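**Student:** show me the folded form of this:
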Amino acid sequence: MSWGGGDALRKVRTGEPLRIPAAAYNAFVDAAIANRASERNAIADPGRDLSQRGIVLVRNDSPDDLPAHHALAIAGVLVEPGEDDQERTFQGRTPLTGEVATEDSPPLSFVVAIEPIRAGEIGRCVLHGIAAARITVQNEADETCELKAEETLLATTPLGGVPILWKEEGTGEVWAVIELGRPSLARVTAVLGEAQPIPGESNRWRYPWAEARVDGDAGSADYLRYVEVPEGLSSRGQGGGEDPARMAINRFEAHHCDESVPGEGFEGLLGLGPVCDLPGVLPDCPPARSLEPRLAPVPPGVTVQLTCERDTKGQPVWVFEAMSCVEIADPADGDRKLNVIAAGGGG
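**Tutor:** Sure thing, here's the model as predicted:
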């Protein structure tokens, strides 16, 4: 069959002899080369196609150039709806503006650059989805990360931030793969450590903690007791010391009055006010010698369910619920305790 001067890419009918013109063959080769180039670009630079889900254009409104794989807090949109041309741009592309995070920036509202972006210029960033990022690891057991004030490197947190799918070993600045846009689990079972008074507060404490699980080894002395998870989540920061920002607070202690102090006795307990002003009390009140009720922190070794909440600044706060203890002391006898609170013991 002769193709003559017809279309070189015309399809062959059933039963026709197959003769491939040079023009058709060359078109096939060109298509194959283009397909291979497209595959290489997709592997080397998955953000090349701006229609890919999760990739947005962001103008760097910070005074400094932003390295690739660093983060900016979302500040707003580049083009607001208004005139007709702006309306079309706003609906079609929705470019954002980014800045270095401040104390008022939500720690989970950020983008990660997939290319360097000069100050004042526009570049491509990941808004949601999988992204490679540079992060600062506080504790190797941390499972999430978020954006801190005055930083473009993400910082790790035990839970409650953006999930970390993989990261290099060690602490400090490392490579990581994160998943933006997916909330992480914000609960963990933990065993409490020795309570530490909150400076300037009365009858309130911060509690160090470590992730705990039930011991399932029937031959262990701790069988069916909560034990600390080796290298698990904890309130320890970089270097192994306790980080006050990671320590937990007891929700049931949040209402304790700030004016009363431990040992006030008849002058008030839990903010109830002067007991001697209540009707029906003894005429000689307070007596010359009296026992004093005093609030005590939750003892170490108690196991609780921790929840990661956000304070009014958007920062993570670890909270649990446990009944406060009350000690009955005799001030005339060296503050001797009349009830015993066991130190340790699983909750």
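**Student:** neighbours around Gly170, how many?
**Tutor:** Here the neighbour count serves as a burial measure; for Gly170 (other Cβ atoms under 10 Å) it reads 9. Quick note: C-beta positions are derived from backbone N, CA and C, even for glycine.
**Student:** check the one 5 residues further on too.
**Tutor:** Around Trp175 sit 12 other residues, with neighbours defined as other Cβ under 10 Å.
**Student:** per-residue pLDDT, the residue lying closest to it once chain neighbours are set aside?
**Tutor:** Leaving aside its chain neighbours, Trp175 sits nearest to Glu168 (5.2 Å; criterion: Cβ to Cβ, 6 or more residues apart in numbering). We note a pLDDT of 91 for Glu168 in this prediction.
**Student:** from Glu16, how far out is Glu168?
**Tutor:** For Glu168, the distance to Glu16 (Cβ to Cβ, to the nearest Å) stands at 60 Å.
**Student:** helix or strand right after the helix or strand of the chain with the lowest mean pLDDT?
**Tutor:** Confidence across the helices and strands of the chain bottoms out at helix 84-92, with a mean of 53, counting by mean pLDDT, DSSP states H and E. Moving toward the C-terminus from helix 84-92, the next helix or strand (DSSP states H and E) is strand 96-99.
**Student:** can you tell me what sits against that next one?
**Tutor:** By Cβ atoms under 8 Å, 6 or more residues apart in numbering, the surrounding residues in contact with strand 96-99 are 56-62, 66, 72-78, 110-111, 125, 127.
**Student:** which of those residues are buried, as a PyMOL select command?
**Tutor:** Here is the PyMOL command that selects the buried residues among the contacts of strand 96-99 (16 or more other Cβ atoms under 10 Å):
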select buried, resi 56+57+58+59+60+61+62+66+72+73+74+75+78+110+111+125+127
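**Student:** please flag which of the contacts of strand 96-99 sit within strands.
**Tutor:** Secondary structure assignment (DSSP state E) places 56-60, 72-77, 110-111, 125 from the contacts of strand 96-99 within strands.
**Student:** and of those residues, the nearest to Leu147?
**Tutor:** Closest to Leu147 out of the ones in strands among the contacts of strand 96-99 is Phe110 (4.4 Å), distances taken as Cβ to Cβ.
**Student:** who's in contact with the closest one?
**Tutor:** With contact set as Cβ under 8 Å, 6+ apart, Phe110 has these partners: 71-74, 98, 101, 147, 154.
**Student:** you'd agree the residue nearest to Trp175 is up against Val174?
**Tutor:** Yes. Between Glu168 and Val174 a contact is recorded at 3.9 Å, counting by Cβ atoms under 8 Å.
**Student:** out of the two, which sits in the busier spot?
**Tutor:** Neighbours of Glu168 and Val174, each counted by other Cβ under 10 Å, are more numerous for Val174; the result is 16 against 11.
**Student:** circling back to that earlier point, how about the contacts of Phe110 in JSON lines, adding distance to Leu306 and pLDDT?
**Tutor:** Compiled in JSON lines, those are given as follows (distance: Cβ to Cβ, whole Å; pLDDT from 0 to 100):
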{"residue": "Ala71", "distance to Leu306": "26", "pLDDT": "95"}
{"residue": "Leu72", "distance to Leu306": "31", "pLDDT": "94"}
{"residue": "Ala73", "distance to Leu306": "27", "pLDDT": "93"}
{"residue": "Ile74", "distance to Leu306": "29", "pLDDT": "92"}
{"residue": "Gly98", "distance to Leu306": "32", "pLDDT": "92"}
{"residue": "Ala101", "distance to Leu306": "25", "pLDDT": "89"}
{"residue": "Leu147", "distance to Leu306": "22", "pLDDT": "90"}
{"residue": "Leu154", "distance to Leu306": "22", "pLDDT": "93"}
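**Student:** any chance of the ones in strands among the contacts of strand 96-99 in TSV, plus distance to Ala34?
**Tutor:** As requested, the ones in strands among the contacts of strand 96-99 are exported to TSV (distance: Cβ to Cβ, whole Å):
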residue	distance to Ala34
Val56	27
Leu57	26
Val58	30
Arg59	32
Asn60	33
Leu72	35
Ala73	39
Ile74	36
Ala75	39
Gly76	39
Val77	35
Phe110	36
Val111	31
Cys125	28
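**Student:** quick check: the two most widely separated of the residues you listed?
**Tutor:** The most widely separated members of the ones in strands among the contacts of strand 96-99, counting by Cβ to Cβ, are Leu57 and Ala73 (16.2 Å).
**Student:** what about the helices in the protein?
**Tutor:** 22-44, 84-92 (DSSP state H).
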